[in-house]
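Chemist: Based on what follows, work out the 3D shape:
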Amino acid sequence: MGMARFLVEAHVLEGRPVSELAAAHGVHRSWIYKLLARYREGGYEALEPRSRRPKSCKHAASDEIVRVIVGLRERLGREGHDAGAHTIAHHLARELEGDVVPSVSTIWRILKREGLIVSQPQKRPASSLIRFQADLPNEMWQADITHWRLAEGTDVEILNTIDDHSRLFLASQAFKTVKAADVVEVFHKTAELHGLPASLLTDNGAVFTGFYRKGKVLLEAELERLGIEYKNSRPYHPQTCGKVERLHQTLKRYLARQPAARTLPELQIQLDTFAHYYNAIRPHRALNGCTPLQAYSTRIKARPARDAAPNTHFRIREDKVDTNGTVTLRYMSKLHHIGIGRAHKNRPIKLLIADRDIRIIDSNTGQLIRELTLNPNRDYQPLKHT
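Modeler: Numbers count the residues shown, from 1 in each chain. Okay, the predicted model is just below:
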C-alpha cells in the first residue's frame, strides 16, 4: 500500500486530523488535502502517481516532421541503404531546405517511439572495439573478394577496393571468377584515377598472395616493382580487413533490394550506381557525417615509399624436366609449356626469368640447356636447341 492511500484511509476511516498525519510522517498538509480531493473525485485509482509529462511542448517535432522522418526511414530501407538516425538527419537537411532539422537524438527517439528501432543487446558495444585508421588518403588501400548470385543462380565474384583513411569506394568490379591478372588490371585502373597507394592490405586469398605456397603471385610482384608495401591479414582474422568486410555487407544489403541482375553487365551497373551513392551522397558515421569523397579530397595523398623499379620482373625457379621433355611456366596467370627434349627428362633445372626472356640451366652443372623469349600467345613453346 502506498503512502498516499495510507494517509487517505487514516483520515477517512480513523478520523485522524490532517495536521497530526502531516507531522507524524513528515509531509506537508497541503499534499494530504490534494490527496483527499483526488480521492473524493476519483476514488482510490485517482491516488496512483500521475505522469509529470507536460501536456504540450513547443519544441516537439511536428506531426509533419515525424511523417517525413518515418517516410525517409522506409524509403532508404526499401532501396537497401543505411537508414539510421545520422543518415536520416543528413537527407532531412536537404529535403527541408533551410528549415530547422531535428537533432540526431530527436530523430532516434522518434524512430524508437514509432517502433522502427529494435534493441540488440547481444551486439558487442562499439566502445569495446579497437579501431585503426590510416592518417592520409592513399596511405593504405584494402581489397577483398566477395561472392554474389545472379538471377538464374550463377555464382559470381566481386572485387572491391576501399581507401582506409577516407572509406572512398575506389573500385568494384564483377567477374565470373577473379583471377590473378584481373586483380592487377583492376589495381592499375584504380591507380590511374586516384594515384598509387603507399600500401595495400588484403587477406590471404590465392589471387593476392603466394606466401603460404612459398612463392609470389602476380599482384605481389607488381607491387614490389612499383615500390608499394604489401600487407596481408592473419589467417581466420577478417577483422584486420574490417573496412572492406563491412563494405561487403553494405553493398550486399543494397543489391538484395534491387531487381536480381541476370548478367555481369547488369550487375556492374548496380555496382557503379551504389559506388556513386556511397562515395558522394551517403554520410559516413566514422567520418563525422562527411561523405567519403569529401574526406578523400580534403587532405594530401600519400605515395609509395620508393620509386618504381624498372619494368623488368626477375625471378628464379627450380624445377625438373617431365617425362615428355617439357617444363611448365606461368606467365600473366596463363600456363605455358616449354619444350626441352626427352633426352633431358627428370633432369633438375633452374629457370632464370626476366619477364619473357628465359634461360634454362642444369641445376648441378650450370650448363645452359635452352634460351628463349616466351611467346605469350602460344601455350606450347616450340623446341629449339642451343
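Chemist: buried set for the strand or helix carrying residue 69?
Modeler: Counting by DSSP states H and E, the element that carries residue 69 is helix 63-78. Residues of helix 63-78 classed as buried: 65-66, 68-69, 72-73, 76 (neighbour count, 16 or more other CB atoms under 10 Å). Glycine gets a C-beta too; all of them are placed from N, C-alpha and C.
Chemist: Stretch 376-386 too?
Modeler: residue 381.
Chemist: which helices and strands does the helix or strand of the chain with the lowest mean pLDDT pack with?
Modeler: Ranked by mean pLDDT, DSSP states H and E, the helix or strand of the chain with the weakest confidence is helix 85-96, at a mean of 79. When contacts are defined as 3 or more CB pairs under 8 Å, 6 or more residues apart in numbering; DSSP states H and E, helix 85-96 packs onto helix 63-78, helix 104-113.
Chemist: I figured residue 156 hits residue 148, correct?
Modeler: Yes. Residue 156 is within contact range of residue 148, at 5.5 Å (criterion: CB atoms under 8 Å).
Chemist: Looking at these two, which is more packed in?
Modeler: Remark: of residue 156 and residue 148, residue 148 carries more neighbours, 20 against 17, as counted by other CB atoms under 10 Å.
Chemist: got a list of what the more buried one touches?
Modeler: 155-158, 174, 252, 255, 267 (CB atoms under 8 Å, 6 or more residues apart in numbering).
Chemist: between the residues you listed, which is nearest residue 111?
Modeler: residue 252 (23.3 Å; CB to CB).
Chemist: Report how many residues lie close to that closest one.
Modeler: With other CB under 10 Å as criterion, residue 252 counts 15.
Chemist: Mean confidence (pLDDT) on the host helix or strand of residue 192, please.
Modeler: For residue 192, the host element (DSSP H and E) is helix 180-194. Across helix 180-194, the average pLDDT comes to 91.
Chemist: May I have that helix as PDB, with CA atoms only?
Modeler: Taking Å, rounded to 0.1, in the frame of the first residue of the first chain, the C-alpha atoms of helix 180-194 are listed here in PDB:
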ATOM      1  CA  ALA A 180      45.400 -13.000 -60.600                       C
ATOM      2  CA  ALA A 181      45.600 -11.000 -63.800                       C
ATOM      3  CA  ASP A 182      42.200  -9.400 -63.000                       C
ATOM      4  CA  VAL A 183      43.400  -8.200 -59.700                       C
ATOM      5  CA  VAL A 184      46.400  -6.500 -61.200                       C
ATOM      6  CA  GLU A 185      44.300  -5.000 -64.000                       C
ATOM      7  CA  VAL A 186      41.700  -3.500 -61.600                       C
ATOM      8  CA  PHE A 187      44.600  -2.200 -59.400                       C
ATOM      9  CA  HIS A 188      46.200  -0.300 -62.300                       C
ATOM     10  CA  LYS A 189      42.800   1.100 -63.500                       C
ATOM     11  CA  THR A 190      42.200   2.300 -60.000                       C
ATOM     12  CA  ALA A 191      45.700   3.800 -59.700                       C
ATOM     13  CA  GLU A 192      45.200   5.700 -62.900                       C
ATOM     14  CA  LEU A 193      42.200   7.500 -61.300                       C
ATOM     15  CA  HIS A 194      43.500   8.000 -57.800                       C
END
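Chemist: buried residues in that helix?
Modeler: Going by neighbour count (16+ other CB under 10 Å), the buried part of helix 180-194 is 180-184, 186-187, 190-191, 194.
Chemist: Following element in sequence after it, please.
Modeler: strand 199-202.
Chemist: Residues contacting that next one, please?
Modeler: Contacts of strand 199-202 (CB under 8 Å, 6+ apart): 139-144, 164, 187, 208-209, 223, 228-233, 240-241.
Chemist: Buried subset of these as a PyMOL selection?
Modeler: Here is the PyMOL selection string for the buried members of those, based on 16+ other CB under 10 Å:
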select buried, resi 139+140+141+142+143+144+164+187+208+209+223+228+230+232+233+240+241
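Chemist: Among the contacts of strand 199-202, which lie within helices?
Modeler: 187, 223 (DSSP state H).
Chemist: Could you tell me which of the contacts of strand 199-202 belong to strands?
Modeler: 141-144, 229-232 (DSSP state E).
Chemist: which two in those are spaced the farthest apart?
Modeler: 144 and 229 (17.6 Å).
Chemist: Distance of residue 200 relative to residue 93?
Modeler: 36 Å (CB to CB, to the nearest Å).
Chemist: which ones are touching the residue lying closest to residue 28 once chain neighbours are set aside?
Modeler: Setting aside the residues directly before and after it, residue 28 is nearest to residue 22 in space (CB to CB, 6 or more residues apart in numbering), at 6.3 Å. By CB under 8 Å, 6+ apart, the residues touching residue 22 are 28-29, 32.
Chemist: Isn't residue 217 up against residue 205?
Modeler: No. Under the criterion of CB under 8 Å, residue 217 is not in contact with residue 205, lying 9.5 Å apart.
Chemist: who's more crowded, the two?
Modeler: Between residue 217 and residue 205, counted using other CB under 10 Å, residue 217 has the larger neighbour count: 21 against 16.
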